[in-house]
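Q: just coords:
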Ligand code: ADP
């Protein structure tokens, strides 16, 4: 302000001095005052010009720089410019933060929908678009009730009780491939709502599998238990002769054995699920494994029938598989015992371990049993799935054998394949990858029975 006064006074003083200088004799004071007044006007006009330039600069968006010199207008220009720069910086920072925030919501594995106070869609991420079939160009600002028409969702939206979530079928859900969504709304701000959606199909399936598993185990245990309880009651209430008593005790022992096998298979499965993967550095001799299996197979065949099966074991020597010997024995013997249990007595069962030209190996069990119809094959490795329920039970089957084989195979990077022709027989193979197979002694020749493919 002082600077303005100084410049005004200086301007007037200069023009007044000029007036005195150019004045005629006797008119000095009139000239001096007139010139001083004119100087004041000139100063005022210049001042207005600078003010108008500042206004014009503001009107044009204050983008380009200009110079207004020192003084009031110069300082006003400087301050306005600094304030504008600071607020621009703030706006850019807020914009960046908003973009980061939306990118984080976009990356969320859950569906996120932002609704305004009238339940109109303001924003949604890709996952929500997939869950509900929203289109970013078509559905923005649409009422969500018009787009998601499932009755459960409509009721949930209308009730506005967002303490709990609701479930509904996903957009692409159908009978063969059901998709289930959990939808939860959370109010925020002034009447706005954050909608979160989650695909819970896998969780629901796991829960259903757990329920089925518990029901199956209970059923499998209850059956022999009921039979056992019946025999105990019979023994307690009836006076039986020694022969009858022995027969009942034999049957009781069979049922107890059945329960024992079931529990043992269940424990094997749970161990397979809970233990770390078998090492790739522990090498198991295939020869030893096959000899053990052969011995066990002959014992089993003798136990099951008077006339044993025609068991043929072909194998390579000096070959090793990396992994767990217990698990491998369990898998291989499960396949062999199935072949023995389902193949009529006297028929041929061939067991072979063959090295392939690429360095991988295949363990194969071929039987001349009843075979399996094609529709059953994909389900055979499901727990408790049986094609011939009574034959399985009669021969001490638990319905868990192939589930164990599949698990062991997966844990060893191997693959179980089943080929079968009803009425002719079946071939169960486990293919081991090359990195799990080696020859124990370098240079040791393979036996002539090896089949190279
Ligand atoms: P189980 O203890 O009942 O044998 P598995 O899981 O080992 O259970 O086998 C599942 C079902 O697959 C069996 O119940 C049987 O119906 C069928 N199966 C398995 N192996 C054979 C085979 N070699 N020949 C015919 N059917 C078989």
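A: Everything's here; your move. Worth saying up front: this structure is predicted, and the values here are computed from it rather than measured.
Q: contact residues of the chain facing the ligand?
A: If contacts are counted using CB under 6 Å from any ligand atom, the residues of the chain sitting beside the ligand are 338-339, 342, 367, 369-370, 372, 380, 385-388, 392, 397-403, 426. C-beta coordinates here come from the backbone N, C-alpha and C atoms, glycine included.
Q: now the stretch 101-250 of the chain against the ligand: closest residue?
A: In the stretch 101-250 of the chain, the residue that lies nearest the ligand is residue 220 (10.5 Å; CB to the nearest ligand atom).
Q: which strands and helices lie in contact with the helix or strand hosting that residue?
A: Secondary structure from DSSP states H and E places residue 220 in helix 201-237. The elements that helix 201-237 packs onto, with contact taken as 3 or more CB pairs under 8 Å, 6 or more residues apart in numbering; DSSP states H and E, are helix 242-274.
Q: after the helix it packs on, which helix or strand is next?
A: Downstream of helix 242-274, the next assigned helix or strand under DSSP H and E is strand 283-285.
Q: return the distance of the helix holding residue 220 from the chain's centre.
A: Its chain's C-alpha centre lies 32 Å from the corresponding centre of helix 201-237 when counted by CA atoms, centre = their mean, to the nearest Å.
Q: likewise for stretch 302-309?
A: Here stretch 302-309 shows a centroid-to-chain-centroid distance of 49 Å under the convention CA atoms, centre = their mean.
Q: residues of that stretch that come out buried?
A: Residues of stretch 302-309 classed as buried: 304, 308, 309 (neighbour count, 16 or more other CB atoms under 10 Å).
Q: what do you get for stretch 320-332?
A: In terms of neighbour count (16+ other CB under 10 Å), stretch 320-332 has its buried residues at 320, 321, 322, 323, 324, 325, 327, 328, 329, 330, 331, 332.
Q: repeat for stretch 379-397
A: Residues of stretch 379-397 classed as buried: 380-381, 383-388, 392-393, 395-397 (neighbour count, 16+ other CB under 10 Å).
Q: will you turn those residues into a markdown table that also has secondary structure?
A: Listed next are the buried residues of stretch 379-397 as a markdown table, based on DSSP: H, G, I helix; E, B strand; the rest coil:
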| residue | secondary structure |
| --- | --- |
| 380 | coil |
| 381 | coil |
| 383 | coil |
| 384 | coil |
| 385 | coil |
| 386 | coil |
| 387 | coil |
| 388 | coil |
| 392 | helix |
| 393 | helix |
| 395 | coil |
| 396 | coil |
| 397 | coil |
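Q: quick revisit: how many neighbours does the residue of the stretch 101-250 of the chain closest to the ligand have?
A: Other residues near residue 220 number 21, with proximity taken as other CB atoms under 10 Å.
Q: and if you look at the one 10 residues further on?
A: Using other CB under 10 Å as the criterion, residue 230 is surrounded by 14 other residues.
Q: and it, what's its pLDDT?
A: pLDDT for residue 230: 94.
Q: for the residue in the stretch 251-400 of the chain that the ligand sits nearest to, what are its contacts?
A: Residue of the stretch 251-400 of the chain nearest the ligand, by CB to the nearest ligand atom: residue 397 (2.7 Å). Applying CB atoms under 8 Å, 6 or more residues apart in numbering, we find residue 397 in contact with 338, 341, 386, 391.
Q: so which one among those has the lowest pLDDT?
A: Ranking those by pLDDT, residue 391 lands last with 82.
Q: helix or strand for that one, which one?
A: Residue 391 is part of helix 389-394 when elements are defined by DSSP H and E.
Q: what does that helix contact?
A: For helix 389-394, contacts defined as CB under 8 Å, 6+ apart pick out 258, 341, 342, 386, 397, 398, 399.
Q: now do residue 361 against residue 79, distance only.
A: Using CB to CB, to the nearest Å, we find residue 361 at a distance of 84 Å from residue 79.
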